[in-house]
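**Student:** sequence plus the predicted model coming up.
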Amino acid sequence: MTNRESQNKLSKQTQLQTKDASVKKTVKKLMLIVFGMFGFGFAMVPLYDVFCDITGLNGKTSNVAASYKGVSIDTERTITVQFLTRTAKGIPWRFEPMINEVKVHPGERKIVKFYAKNESVSDIVGQAVPSVSPGRAAIYFQKIECFCFNNQPLKASEDVEMGLQFYVDLDLPDDVSTITLSYTLYDITSSVDS
Amino acid sequence: MTTDVINDQSEHDSHDGGHHDHKMTGLKRWLYTTNHKDIGSMYLWFSFIMFLTGGAMALVIRAELFQPGLQIVEPDFFNQMTTVHGLIMVFGAIMPAFTGLANWMLPMMVGAPDMALPRLNNWSFWILPFAFAILLSSFFMESGAPNFGWTFYAPLSTTYSNGSTAFFVFAVHIMGISSIMGAINIVVTIMNMRAPGMTYMKMPLFVWTFFITAYLLIAVMPVLAGTVTMVLTDTYFGTSFFDAAGGGDPVMFQHIFWFFGHPEVYIMILPAFGIVSTTIPAFSRKKLFGYSSMVYATASIAFLSFIVWAHHMFTTGMPLFGELFFMYCTMLIAVPTGVKVFNWAATMWRGSISFETPMLFSIAFVILFTIGGFSGLMLAMTPVDFQYHDTYFVVAHFHYVLVTGALFSIFAGAYYWLPKWTGYMYNDTLSKWHFWCSLVSVNLLFFPMHFLGLAGMPRRIPDYALQFADFNKWVSIGGFAFGLSQLIFLVLVIKCIKGGEKAPAKPWDGAEGLEWTVASPAPYHTFTTPPKID
């Protein structure tokens, strides 16, 4: 092998090495994107919750009790609030509102009752999950006290009257005249036990 | 672009022995191969087998829908057919076919000896058959295969799953890993292995579209992996990401899924743009009109794909602002797509056009894909989407863009490069039969679906009202005709591999690109010394 040929070979080798290094660098960067996006998929869960909390999209209401202090009442407007209940698959409870709808002024405090009865022969823990329609009214629906803040254990054949204390925010958009509050009742016995 | 013609035959004999100088024989050659051409061929064959498998399922669906009422299959099995048909066609047929084309052509087009990560390449192919074996094995389980639609909406795939969710999730995980590895390989190859002098804006458009598609894959396949993982833990480990009882939200599933799902549909169409942007100039004997605008259009479509996902969920009760935002963003996509269609038309304008089979498929692509694009625009309009949502209009739309769009482009590419792959010209008569049979039957198959959808026939239902009977009969006839037409292609490819008229290095006189500077069939190793690009 002449001197020149071996030099050529050497420079080819260094070329290959720099190529290898840049390949590795690119792969590392791309792997970062892969892991980052995998994490982003999961990050969308809390982000979605925060987004819904702020905007009230999706009819999600706050899980925190609102305080009823210094709220003035707007007697000019009257809002119809309707109550709906349903039980999720597999929970043998009777669950219904004791009044189907009430008329309230924005800012006015109201108390309504819901009735639940465990119609099975076993003890069950239920959890009611609220949803408001239209969705954008959700952030204006303020719960001062709600049975949905806690789970509700009922022994076999036991029944209970559960209270909801709420008011409708004064800032409720003008075109909303009816708010529907829907509760779905779930059986969470197994997750409470564990 | 002018290039030095490389004499690869002599190159091949003299190069030093680190690599596979001698192919292994039999099964071992295919199991152990790190050669991009071998792996490309395997991808293409695998995708064709999956195409026939998924097609057979589509024929079960069409047989059931030939008449109103339930004749052939139970509703649950019908649901399994629609679900697995979708999964197989998306992840098993279209995507691997594109990866196969990328493997075969990208290194040759950029003047590289192989993909940058050959061993990874071998892995990304060989885990795929296992993914589909897992998915298809669920048919033989007591509970049956996934029946919740390829979109696996929670709670259908969680609370109401038939027990196949775990099989589905692991299959999708493996498919995702395979796609991500393939995509990383493509990006790394393009960024590091281009021949000296090939700047980014000198790359063939085919390379550009795969480059951008690979980035989309790297960005969204991990999100899909996350989604299926959440479905898995919701179903089997008591989490409640999508379960309202535990504080989760089933609508959130749709947001996360479509955040993956919408870029995914562009993953299946951008490479198609690359293929027809290669074939149309070749058979029009003109340069591609507006090369750089094509690059920018592709990039903008890729960007927009990330901010339009909720147009799949207009009926979930989004606020007006959300609906308007996603509607306008979706319509915006028509602009870069329109640029592309006009550029293809302008490339053909006053060109010296000849109608070889790749060109026929490409022209059919441009026209029929545009029809699919227009029905997409109709679906993008929020007010009317409430009527079209989940009807056969949607089915018609996405089959126009995926069958006459993506699939036709794959056929165009396959006919265009078959002489390079096999060294023989394909049988021209057979190819013309394949094209015309496919073209007539595919329109008989999918066009009446528009009317069915507008009239209100819902998708994914094994039965329908009597007034839909006539159209459904024609659709089913079209379906069987289209399915059988694809067997012509199978025969043609086998014949082309076995022999025929010898193909010259460049069988198409208008073709451009480095792949035509090497012999036909392409030698096992090409461009071990990089060509120089002026």
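**Tutor:** Thanks, I have the structure now.
**Student:** wait, B:G55 sits on B:L484?
**Tutor:** No - with contact defined as Cβ atoms under 8 Å, B:G55 does not reach B:L484; the gap is 9.8 Å. To be clear about C-beta, it is placed using only N, CA and C from the backbone, and glycine gets the same treatment.
**Student:** with neighbour numbers in mind, choose between the two.
**Tutor:** Taking neighbours as other Cβ atoms under 10 Å in any protein chain shown, B:G55 and B:L484 compare with B:G55 leading, 18 against 13.
**Student:** for B:A145, see how far away that one is.
**Tutor:** B:G55 is 16 Å from B:A145, where distance means Cβ to Cβ, to the nearest Å.
**Student:** and what of B:D114?
**Tutor:** Look at B:D114 and B:A145: by Cβ to Cβ, they are 38 Å apart.
**Student:** how about B:N472?
**Tutor:** Counting by Cβ to Cβ - B:N472 and B:A145 are separated by 24 Å.
**Student:** have a look at these two and say which one is more surrounded.
**Tutor:** B:A145 (24 against 21).
**Student:** the more buried one: what secondary structure?
**Tutor:** At B:A145 the chain is in coil, as set by DSSP: H, G, I helix; E, B strand; the rest coil.
**Student:** and it, how far from B:V110?
**Tutor:** From B:A145 over to B:V110 the distance is 41 Å, taken as Cβ to Cβ.
**Student:** so how many other residues sit close to the nearest residue to B:F210 once chain neighbours are set aside?
**Tutor:** Computed as Cβ to Cβ, 6 or more residues apart in numbering or on different chains, the closest residue to B:F210 that is not its neighbour in sequence is B:A102, at 5.0 Å. The burial count assigned to B:A102 is 30, neighbours taken as other Cβ under 10 Å.
**Student:** what about B:A102, which SS state?
**Tutor:** helix.
**Student:** contacting residues for it?
**Tutor:** The neighbours of B:A102, taking Cβ atoms under 8 Å, 6 or more residues apart in numbering or on different chains as the test, are B:40, B:182, B:186, B:210, B:271.
**Student:** between these, which sits nearest B:S137?
**Tutor:** Nearest to B:S137 among the contacts of B:A102 is B:G182, at 23.5 Å by Cβ to Cβ.
**Student:** ok, that closest one - how many residues close by?
**Tutor:** Neighbours of B:G182 using other Cβ under 10 Å come to 29.
**Student:** just checking, what packs against the helix or strand hosting it?
**Tutor:** Using DSSP states H and E, B:G182 sits in helix B:165-192. Helices and strands touching helix B:165-192, by 3 or more Cβ pairs under 8 Å, 6 or more residues apart in numbering or on different chains; DSSP states H and E, are helix A:3-55, helix B:75-87, helix B:95-110, helix B:118-126, helix B:128-137, helix B:205-236.
**Student:** buried residues in the shortest one?
**Tutor:** What that stands for is helix B:118-126. By neighbour count with 16 or more other Cβ atoms under 10 Å in any protein chain shown, helix B:118-126 contains the buried residues B:118, B:120-126.
**Student:** who's in contact with stretch B:349-356?
**Tutor:** B:283-286, B:289, B:359, B:363, B:415, B:508, B:510.
**Student:** checking A:R94 next. Helix, strand or coil?
**Tutor:** strand.
**Student:** in space, what's closest to whatever residue of chain A ends up closest to chain B - neighbours in sequence excluded?
**Tutor:** Distances between chain A and chain B by Cβ to the nearest Cβ are smallest at A:G41, namely 2.7 Å. Closest residue to A:G41 apart from its sequence neighbours, by Cβ to Cβ, 6+ apart: B:G226 at 2.7 Å.
**Student:** my guess is the one you found contacts A:V45. True?
**Tutor:** No - B:G226 is beyond contact range of A:V45, at 9.3 Å (criterion: Cβ under 8 Å).
**Student:** shared neighbours, those two?
**Tutor:** B:I256.
**Student:** more neighbours, the two?
**Tutor:** B:G226 (24 against 17).
**Student:** and the helix or strand bottoming out on mean pLDDT in chain A, C-alpha only, in CSV?
**Tutor:** Sorting the helices and strands of chain A by mean pLDDT, DSSP states H and E puts helix A:189-193 at the bottom, at a mean of 77. Extracted C-alpha coordinates of helix A:189-193, given in CSV (Å, rounded to 0.1, in the frame of the first residue of the first chain):
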residue,chain,number,x,y,z
THR,A,189,-67.4,0.0,46.6
SER,A,190,-64.4,-1.9,45.3
SER,A,191,-62.1,1.1,45.1
VAL,A,192,-63.1,2.3,48.6
ASP,A,193,-62.5,-1.1,50.1
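**Student:** in it, what's buried?
**Tutor:** Going by neighbour count (16+ other Cβ under 10 Å), the buried part of helix A:189-193 is A:T189.
**Student:** still on that earlier bit, in the contacts of stretch B:349-356, find the pair that's most separated.
**Tutor:** Pairwise over the contacts of stretch B:349-356, using Cβ to Cβ, the maximum falls at B:F289 and B:Y415, 22.4 Å.
**Student:** of these two, give the one with the bigger neighbour count.
**Tutor:** Shown here are B:F289 and B:Y415; by other Cβ under 10 Å, B:Y415 has more neighbours (26 against 20).
**Student:** coming back round to it: tell me which of the helices and strands packed on helix B:165-192 is the most buried.
**Tutor:** Of all the helices and strands packed on helix B:165-192, helix B:95-110 carries the top mean neighbour count, a mean of 27, counting by mean count of other Cβ atoms under 10 Å in any protein chain shown.
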